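J.: could you work out the structure for the sequence below:
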Amino acid sequence: MNKIIFFGGKGGVGKTTCSASYAVYSAQAGLKTLLVSTDPAHSTSDIFEKNIGDTITNIMPNLDAIEINGEKESKLYMDSVRKSLKNIVSTVIVKEINKQIDAAAVSPGTEEAALFDKMIDIITEQVREYDRIIFDTAPTGHTVRLLTLPELLGAWLETLISKRQKSVSLMSMANHNGYADKSEAEKDEVIKILKRRLDKINLAKKIMMDEKLLSFIFVINAEKLPIDETVKAINILEKYNISVDGIIVNKILPDSIQDNFWKSKKEQELKYLEIITEKFKDKKIFKLPMLVEDMKSDNIREIAAKFKDF
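T.: Residues are numbered from 1 along each chain as shown. The predicted model follows:
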């Protein structure tokens with residue numbers, strides 16, 4: 001398995017239990033592991049029965065965890081934008097810019113952009129510190145938007161840089177009797193900020209598309225809606241050159257069922273397992289049983305041990 005692993009899937013399928021137990025398996029295998037929760041629900045703390053929060057916290061030997069707070073990261077992100085702009089614009093328009101930033105702060109996509117930045121920071125800053133970094137992500141739609149951001153933001157930033165360069169060139173021509181000083185564009189603080197942002201986005205794209213570095217695993221249940229949603233999500237991710245390596249079918253019912261209701265559910269499950277085998281025939285498919293009790297710190301090793309065959 002690769003160094004960076006994303007666990008995704010529909011809400012309620014068991015992403016957190018799968019990512020957490022796989023993190024425990026990795027740690028027990030002697031790999032220094034970091035488990036990162038980007039899901040606003042942050043059930044990681046509940047599973048390990050330990051307050052984790054937004055700073056890296058040790059869980060057990062070889063295993064650390066962190067829960068990213070999207071709202072907090074969004075505020076930090078906007079504060080950094082204010083600070084950058086404060087140094088390069090006239091004090092006359094700072095008040096108006098702050099109004100625009102406040103409006104942007106509550107706009108759709110802002111929290112995802114801030115969350116994405118934090119994820120990339122964790123990857124780039126911790127990739128040498130840890131043998132494996134595991135991301136427990138939010139439900140599918142949110143994760144897909146998050147992982148397709150580099151492609152969308154990259155094109156948008158390139159357009160902004162081009163427009164700013166033209167603007168600086170026109171101002172330079174006005175100041176130099178019709179001749180543009182190319183060095184002014186190189187010294188322009190706005191262009192520098194945009195280029196730094198673009199460099200970060202390009203780094204993210206490089207990481208996301210590196211099949212030898214990053215793996216994406218979808219967690220599903222043997223039911224219609226999780227299967228259909230995952231098929232759509234895989235199509236979108238692969239369109240953006242993000243490969244999906246495997247499917248974990250979680251909460252498989254036991255074979256030894258006597259009750260008629262559960263027998264019927266088992267028969268239905270077997271039919272969906274056939275559909276899963278066909279629809280995801282080019283992916284590695286791994287099955288995990290349904291637990292008798294909810295996963296907690298005292299039984300997480302039960303599922304972790306099963307990942308030896310993954």
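
J.: which strands and helices lie in contact with the strand or helix carrying residue 251?
T.: Here residue 251 sits within strand 246-252, counting by DSSP states H and E. In terms of contacts (3 or more CB pairs under 8 Å, 6 or more residues apart in numbering; DSSP states H and E), strand 246-252 is packed against helix 15-28, strand 214-220, helix 260-279, strand 284-289. Yep, even glycine has a C-beta here, placed from its N, CA and C like the rest.

J.: how about those, which one is nearest residue 132?
T.: The closest of the helices and strands packed on strand 246-252 to residue 132 is helix 15-28. By CB to CB, the value is 5.0 Å.

J.: what distance separates the closest one from the centre of its chain?
T.: 16 Å (CA atoms, centre = their mean, to the nearest Å).

J.: ditto for stretch 67-77
T.: 14 Å.

J.: any chance of the helices and strands packed on strand 246-252 in a markdown table, plus mean pLDDT, mean neighbour count and distance to residue 148?
T.: Listed next are the helices and strands packed on strand 246-252 as a markdown table, based on pLDDT from 0 to 100; neighbours: other CB atoms under 10 Å; distance: least, CB to CB, whole Å:
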| stretch | mean pLDDT | mean neighbour count | distance to residue 148 |
| --- | --- | --- | --- |
| helix 15-28 | 95 | 25 | 19 |
| strand 214-220 | 91 | 25 | 12 |
| helix 260-279 | 95 | 13 | 22 |
| strand 284-289 | 94 | 15 | 23 |
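
J.: looking at the ones you listed, which is nearest to residue 131?
T.: That would be helix 15-28 among those, by CB to CB, at 7.6 Å.

J.: make sure residue 130 is indeed in a strand.
T.: No: per DSSP: H, G, I helix; E, B strand; the rest coil, residue 130 lies outside any strand segment and is coil.

J.: wait, doesn't residue 234 sit right on residue 244?
T.: Yes: Residue 234 lies in contact with residue 244 (CB atoms under 8 Å); the separation is 5.0 Å.

J.: show me whatever sits in contact with both of these two.
T.: By CB atoms under 8 Å, 6 or more residues apart in numbering, residue 234 and residue 244 have these common neighbours: residue 218.

J.: was I right about residue 143 contacting residue 7?
T.: No: at 9.3 Å, residue 143 does not count as touching residue 7 under the criterion of CB under 8 Å.

J.: overlap in contacts, those two.
T.: residue 137.

J.: still on that earlier bit, dump the helices and strands packed on strand 246-252 to TSV, plus distance to residue 138.
T.: Converted to TSV, these look like this (distance: least, CB to CB, whole Å):
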stretch	distance to residue 138
helix 15-28	9
strand 214-220	13
helix 260-279	23
strand 284-289	21
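
J.: identify the spatial nearest neighbour of residue 226, chain neighbours not counted.
T.: residue 220 (4.1 Å; CB to CB, 6 or more residues apart in numbering).

J.: beta partners of that neighbour?
T.: For residue 220, the beta-bridge partners under DSSP bridges are residue 249.

J.: other SSEs contacting the strand or helix carrying residue 149?
T.: In this assignment (DSSP H and E), residue 149 forms part of helix 140-175. Judged by 3+ CB pairs under 8 Å, 6+ apart, helix 140-175 is in contact with strand 4-8, helix 110-126, helix 182-187, helix 189-208, helix 224-239.
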